[in-house]
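> sequence-free structure coming up:
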């Protein structure tokens, strides 16, 4: 039978004697520098099913585990005692699109499991943390449950940016709060903006004008977006392995018509599939997808 190899802190303390012996042998010698805690607390996994935005099933070795993402909370879609909450389906669909069938890395904090027996983890797709991606899209709020607070400061910075941009859950006043989501808020509670506010918002909204799809691995793709004339804009192309570093994806400035374009080569070894593209400008972001074929 295949053995699941968990991070060091998951193993039984049978190795304590070996550690003590090592310390004795190393007495009087200079200590080696500690390895990075995050790397030593990561294991590989394969996502088999997404339950909702912050919960998914994954194979670790030959065992399927339920994973609960640390430090975030997405609106409910499958809670037995709650109705589907605003932006819950969007969070679930985003997770399904990005994670289903993907090979990922799980990073652990202090606690191993929650009271339901779920593994608690930060989930990495290549060099991008999925917990952060949900916060960036306004599809999750920061939810702090000590002692698992390794990335809390960074998460709060990302959440603040999403709040200021009014994206996702932050587009509904008083919906996402410290104690959770207030799903009883009705559409009537959302104030209707004035004509001036609508005009201002439309002038700042990012629009995807065109994107090459499908595109074959090894070929060039192009995306054109419309932002505020003269505004700076950046693009993030996210493959299975993480964010692309291809030439041509640097920050650019929109022309007098607000148009900005990027052209980049899709790597010849890029996995076939549907991948996300995020365009950001002046605190706002918009996501689209494109298909890569082999």
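Right, received. Where do you want to start? Only a predicted model underlies this, so the values are computations on that prediction, with no experimental measurement involved. Numbering: from 1, shown residues only.

> what is the end-to-end distance of stretch 143-156?
One end of stretch 143-156 sits 10 Å from the other (Cα to Cα, to the nearest Å).

> one more: stretch 100-118?
Distance between the boundary residues of stretch 100-118 (Cα to Cα) amounts to 18 Å.

> repeat that for stretch 162-177.
14 Å.

> and the contacts of it?
Outside stretch 162-177, the residues that touch it by Cβ atoms under 8 Å, 6 or more residues apart in numbering are 75, 86-87, 90, 135-141, 181-182, 185, 189-191, 283-285. In this view, the C-beta of every residue, glycine as well, is placed from N, C-alpha and C.

> from residue 226, how far off is residue 80?
To residue 226, residue 80 is 44 Å away according to Cβ to Cβ, to the nearest Å.

> the two: which is more packed in?
Shown here are residue 80 and residue 226; by other Cβ atoms under 10 Å, residue 226 has more neighbours (19 against 5).

> quick one on the thing from earlier: which among the contacts of stretch 162-177 end up buried?
Among those, those classed as buried by 16 or more other Cβ atoms under 10 Å are 75, 86-87, 90, 135-141, 181, 284-285.

> just the ones of these in helices?
Per DSSP state H, helices hold the following members of the buried ones among the contacts of stretch 162-177: 90, 135, 136.

> so can I have CSV of those residues showing pLDDT and distance to residue 174?
Converted to CSV, these look like this (pLDDT from 0 to 100; distance: Cβ to Cβ, whole Å):
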residue, pLDDT, distance to residue 174
90, 92, 19
135, 96, 19
136, 95, 21
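
> and the strands in the stretch 151-294 of the chain?
For the stretch 151-294 of the chain, applying DSSP state E, counting those that start in this stretch gives strands covering 176-177, 180-181, 207-211, 215-216, 220-226, 232-239, 242-243, 252-253, 259-265, 273-281, 284-293.

> partner residues bridging residue 181?
Judged by DSSP bridges, the bridge partners of residue 181 are residue 176.

> to the chain's geometric centre, what's the distance from stretch 47-61?
Taking Cα atoms, centre = their mean, to the nearest Å, one finds stretch 47-61 lying 14 Å from the centre of the chain it belongs to.

> other residues contacting that stretch?
Outside stretch 47-61, the residues touching it (Cβ under 8 Å, 6+ apart) are 2-6, 43-46, 64-69, 72-78, 88, 91-92, 94-96, 99-102, 104, 106, 118, 123, 134, 139-140.

> of those, grab the buried ones for ChimeraX.
In ChimeraX, this line selects whichever of those come out buried by 16+ other Cβ under 10 Å:
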select :6,43,45,65,66,67,68,69,72,73,74,75,76,77,88,91,92,94,95,96,99,102,104,106,118,123,134,139,140
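
> keep only those of the contacts of stretch 47-61 that are in helices.
Using DSSP H, the contacts of stretch 47-61 in helices are 88, 91, 92, 94, 95, 96, 99, 134.

> on that earlier part again, distance to residue 148 added to the ones in helices among the buried ones among the contacts of stretch 162-177, as TSV?
Shown next, in TSV, are those (distance: Cβ to Cβ, whole Å):
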residue	distance to residue 148
90	25
135	16
136	20
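
> greatest separation within the buried ones among the contacts of stretch 162-177: which pair is it?
Taking Cβ to Cβ as the measure, those span a maximum distance of 22.2 Å, between 181 and 284.

> mind listing what's buried along stretch 228-238?
Judged by neighbour count using 16+ other Cβ under 10 Å, the buried positions of stretch 228-238 are 228, 231, 233, 235, 236, 237, 238.
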